[in-house]
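need coordinates for the following:
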Amino acid sequence: MILPDLATKTVLVTGASRGIGRTIALALAAQKTHVVFNYRGDEAAAKELAGAIEAAGGKATALKFDVTDHAAMTSALDAFFAAGNTLHGLVNNAGKSKDQLMLRVKPEDIDDLLSVNLKATMVLTNYLTKHLMKAGGASVVNMSSIVGLMGNTAQTVYAATKAGLVGYTKSVAKELSSRQVRCNAVCPGFIATDMTAALPDKAKEEYQKNIPLGRFGETQDVANLVCFLLSNASCYITGEVIKIDGGLYI
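Residues are numbered from 1 along each chain as shown. Below is the predicted model:
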């Protein structure tokens, strides 16, 4: 899939160090996009990812900040924009999960997941709004989850944070549409990552029985959709919540 306009764009991808986020970063690099990514402190890992992005055909910029650290985030991005850079796209991919039954959920667990999965996305996107409006035709993609739509046992907190992203996505789309900034949410189902690889074979078989296509998705499947949503090929799509789950939630 070739999306020529991505070669002229700069896109920030959070949580790009592994899994779906890394595949998105490399897929954008293959489109010759300038990929900006954040990292928390592992300089060697950031250098390796930057090298992989450039080897794939893109340009890489690493910014040191944790998505939950507002001061560090604004400082790094202020310097990025002060250097004359523009941002045409944002992928809010950073997130975490902690599966536990409701009886074992502690208030601090709720605070932690809300902070990373929902608050950080809102704070970062709100901060970047003026820059996205200036870019013209910008696109925001929020990484939600199929769990945010259908719920799941032992994932009450995680599901709530991902459902919150759906409401935020639709509100951003309505508020910024007049400035030609689009916002959509992607809801992956079971995707083959380190997390699913660690599941027992029996559990994998049971999960796959509920997926009409009969298999887990690949991170590249998600990356292809995200690239499409960031490109001009989707210029008339905003406020959508798109499932990529093999038919799990039909």
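
show residues contacting the helix or strand of the chain with the lowest mean pLDDT.
Least confident helix or strand, the chain: helix 194-197 with a mean of 80, by mean pLDDT, DSSP states H and E. Residues from elsewhere that reach helix 194-197 (CB atoms under 8 Å, 6 or more residues apart in numbering): Arg18, Gly19, Ser97, Phe190, Lys204, Phe216. The C-beta positions use only the backbone N, C-alpha and C, and glycine is treated the same way.

ok, now stretch 46-59?
Against stretch 46-59 from outside (CB under 8 Å, 6+ apart): 16-17, 22, 25-26, 28-35, 37, 39, 60-62, 64.

which ones are touching Val11?
Counted by CB under 8 Å, 6+ apart, Val11 has contacts Leu28, Thr33, His34, Val35, Val36, Leu87, His88, Gly89, Leu90, Val91, Leu230.

what about stretch 179-197, start to end distance?
42 Å (CA to CA, to the nearest Å).

how far does that stretch sit from the chain's center?
For stretch 179-197, the separation from the chain centroid amounts to 6 Å (computed by CA atoms, centre = their mean, to the nearest Å).

what about burial for the contacts of helix 194-197, which qualify?
Gly19, Ser97, Phe190, Lys204, Phe216 (16 or more other CB atoms under 10 Å).

would you agree Thr7 is in contact with Gln31?
Just to correct that, residue 7 is Ala rather than Thr. Yes. Using CB atoms under 8 Å, Ala7 makes contact with Gln31 at a distance of 6.1 Å.

settle it for me: which of those two has more neighbours?
Gln31 (22 against 14; other CB atoms under 10 Å).

wasn't Leu118 part of a helix?
Yes. Assigned with DSSP: H, G, I helix; E, B strand; the rest coil, Leu118 falls within a helix.

mind checking how far it is from Asp66?
To Asp66, Leu118 is 15 Å away according to CB to CB, to the nearest Å.

same question, Lys174
30 Å.

and what of Ala160?
Distance from Ala160 to Asp66, by CB to CB: 22 Å.

and the pLDDT at the spatially most central residue of the chain?
Central residue of the chain (CA atoms, centre = their mean): Asn93, 2.2 Å from the mean position. We note a pLDDT of 98 for Asn93 in this prediction.

hang on, it packs against Ser17?
No. Look at Asn93 against Ser17 with CB under 8 Å: they stay out of range, at 10.1 Å.

ok, Gly247 touching Gly214?
No. Counting by CB under 8 Å, Gly247 stays clear of Gly214, with 9.3 Å between them.

for Pro200, state which of the contacts of Val11 is nearest.
Minimum distance to Pro200 across the contacts of Val11 is 31.4 Å, recorded for Val91 (CB to CB).

and the closest one, how many residues sit next to it?
Neighbour tally, Val91, other CB under 10 Å: 29.

give the contact list for the spatially closest residue to it that is not a sequence neighbour.
The shortest distance from Val91 to any non-neighbouring residue, by CB to CB, 6 or more residues apart in numbering, is to Val13 (4.4 Å). Residues near Val13 by CB under 8 Å, 6+ apart: Gly21, Ile24, Ala25, Leu28, Val35, Val36, Phe37, Val91, Asn93.

alright, I will stop here.
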